[in-house]
Structures are given as structure tokens and as C-alpha cells.
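Participant: Output the structure for:
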Amino acid sequence: MASVSDDEGHIKMLLDDRVEFKLYAAEQHLNRLKEIENVYGDIAKYNARIEVEMEVDCFLSQLVGAVDSLLFQINDRLDLGIPTKRVNFANVQSALSAKTKKIDLLSPLDRARQRGNWYYMLSELRNQLVYRTFLKKVIPIHDFPPKRRQVRFLNVLREFEGNPSDDIIMDMEVIQYLEKSLQQVRELIFSIRAGEPLL
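Facilitator: I've put the predicted structure just below:
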């Protein structure tokens with residue numbers, strides 16, 4: 001059992017480090033989504049959909065927000081001098097190149113955010129969930145006879161591939177995909193922070 005001082009230390013760490021706070025918040029939304037699945041047995045059930053959509057939306061906002069927060073942290077701690085309203089990947093990368101010798105610091109993020117790579121897909125999913133749902137209930141092809149339907153995201157690249165009305169499905173269930181995304185963002189942030197002691 002954690003002591004009061006451990007709890008206070010954890011709270012202080014989350015309040016002092018916005019990146020960690022956002023990762024923690026994303027994890028809480030993921031845990032809530034798992035609770036909803038346990039209660040309803042299926043996150044695509046009609047009665048659960050509003051709660052599910054809220055948790056997925058909040059999860060993705062916090063997860064992408066963790067990376068955004070890291071960019072703000074890099075700007076602050078490395079004294080890049082970028083105005084708050086202009087902190088984004090391109091401006092931070094440019095300032096790192098011009099003002100420090102840390103031109104490769106954001107290389108892991110640069111690779112991940114290239115079109116078709118995992119962070120690109122995550123960001124696109126978050127952007128597109130702003131104006132429509134992307135949940136789809138499917139019977140896996142390899143599951144015959146079907147034991148149960150799975151809930152997956154529609155692939156966010158479907159508008160760029162073939163017929164825009166075709167439903168191209170991601171290869172993982174929603175919760176599995178979100179768990180993997182959380183792990184990938186944690187690893188990405190860890191690798192960037194490992195390259196700079198001030199982070």
C-alpha cells in the first residue's frame with residue numbers, strides 16, 4: 001500500500017510535469033473505457049456509445065496533447081524563444097536546428113509522424129473524430145464460426161485509398177489499439193527525453 005508521502009510525491013510530479021499529467025489522464029480514460037466494456041460487455045452497444053465516444057475522444061486528445069506538451073517543454077527548457085502561439089513540430093525542429101546542436105532530438109517524432117506511420121494515424125484519427133464517429137462493429141475474417149463481433153476503428157486513410165465509401169478497417173480492436181498507442185507515445189517521449197538531460 002502506498003504511503004501518503006508517495007501519493008503526494010506522485011501528485012506533485014503530475015502537477016509539475018504536464019507531459020506526465022497528460023499520459024496519466026489518457027491512461028485514466030482508457031481504464032474507464034475498459035470499465036464500460038466490462039459493464040456492457042461490448043463498447044458498441046447502443047446504450048454505451050455516448051460514454052464510449054467521450055472516453056475515446058478524451059483519450060486521444062490527452063495522448064496527442066502529451067506530445068504537444070513535450071514540444072512546449074522543449075521550447076521552455078532549451079530556451080528556444082518560440083512564442084507560445086507558434087509552438088508546433090516544425091517551429092521547434094527549426095529552432096533546435098538554428099539555436100542548438102540538438103538537431104536530431106525530434107527525429108523519433110519526425111519518423112512517427114510521416115504519412116502512414118503510427119503517430120500520423122493517431123493524429124488523423126483524433127482530428128477526424130472531432131466531426132464523426134469512427135467505430136465499426138466487425139466479424140473477424142479468420143474467426144469462423146464467429147464467436148463475437150469486434151469493435152474497431154475505421155482506417156483514417158480510407159478517404160485517400162480507392163473508393164471513399166469503402167470501409168477499410170484497422171487491424172486491431174479499439175481498446176487494443178488505444179493500449180498500443182499509449183505504449184508507443186510513452187516510448188516516443190522517453191526516447192526524446194533520453195536525448196536531452198534538461199527534459
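Participant: So what does the residue lying closest to S181 once chain neighbours are set aside have for phi and psi?
Facilitator: Once flanking residues are discounted, S181 sits nearest to L122: 5.4 Å by C-beta to C-beta, 6 or more residues apart in numbering. Any C-beta I mention is one placed from the backbone N, CA and C, and that applies to glycine too. Dihedral pair for L122: phi -60, psi -50, per degrees, to the nearest 10.
Participant: neighbours of L122, just the number please.
Facilitator: Here the number of neighbours of L122 (other C-beta atoms under 10 Å) works out to 23.
Participant: residue ranges for the strands of the protein, please.
Facilitator: Along the chain, counting by DSSP state E, strands occupy 135-138, 150-154, 169-173.
Participant: What average pLDDT does the second one get?
Facilitator: Averaging the model's pLDDT scores along strand 150-154 yields 67.
Participant: ditto for the shortest one
Facilitator: Summarised as a single mean, pLDDT over strand 135-138 is 67.
Participant: thought the residue nearest to S181 was touching L63?
Facilitator: Yes. Between L122 and L63 there is a contact under C-beta atoms under 8 Å: 6.9 Å.
Participant: shared neighbours of those two, anything?
Facilitator: The overlap between the contact sets of L122 and L63 (C-beta atoms under 8 Å, 6 or more residues apart in numbering) consists of 181, 185.
Participant: Now do the same for S69: its pLDDT.
Facilitator: S69 is assigned a predicted lDDT (pLDDT) of 98.
Participant: Give me the neighbour count for it.
Facilitator: 20.
Participant: and the gap between it and L188?
Facilitator: Going from S69 to L188 by C-beta to C-beta, to the nearest Å gives 13 Å.
Participant: Name the nearest residue to the residue nearest the centre of the chain, ignoring sequence neighbours.
Facilitator: By C-alpha atoms, centre = their mean, the chain has its centre lying nearest to L63, at 3.5 Å. Once flanking residues are discounted, L63 sits nearest to A26: 4.5 Å by C-beta to C-beta, 6+ apart.
Participant: Which positions in the longest helix belonging to the chain come out as buried?
Facilitator: Once the chain is assigned using DSSP state H, the helix that runs over the most residues is helix 49-77. For helix 49-77, burial by neighbour count (16 or more other C-beta atoms under 10 Å) applies to 51-52, 55-56, 58-75.
Participant: and that helix, what does it pack onto?
Facilitator: Applying 3 or more C-beta pairs under 8 Å, 6 or more residues apart in numbering; DSSP states H and E, we find helix 49-77 packed against helix 18-40, helix 89-99, helix 118-129, strand 135-138, helix 174-194.
Participant: Reformat those as a markdown table; add distance to D79.
Facilitator: Formatted as a markdown table, the helices and strands packed on helix 49-77 follow (distance: least, C-beta to C-beta, whole Å):
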| stretch | distance to D79 |
| --- | --- |
| helix 18-40 | 18 |
| helix 89-99 | 8 |
| helix 118-129 | 26 |
| strand 135-138 | 44 |
| helix 174-194 | 17 |
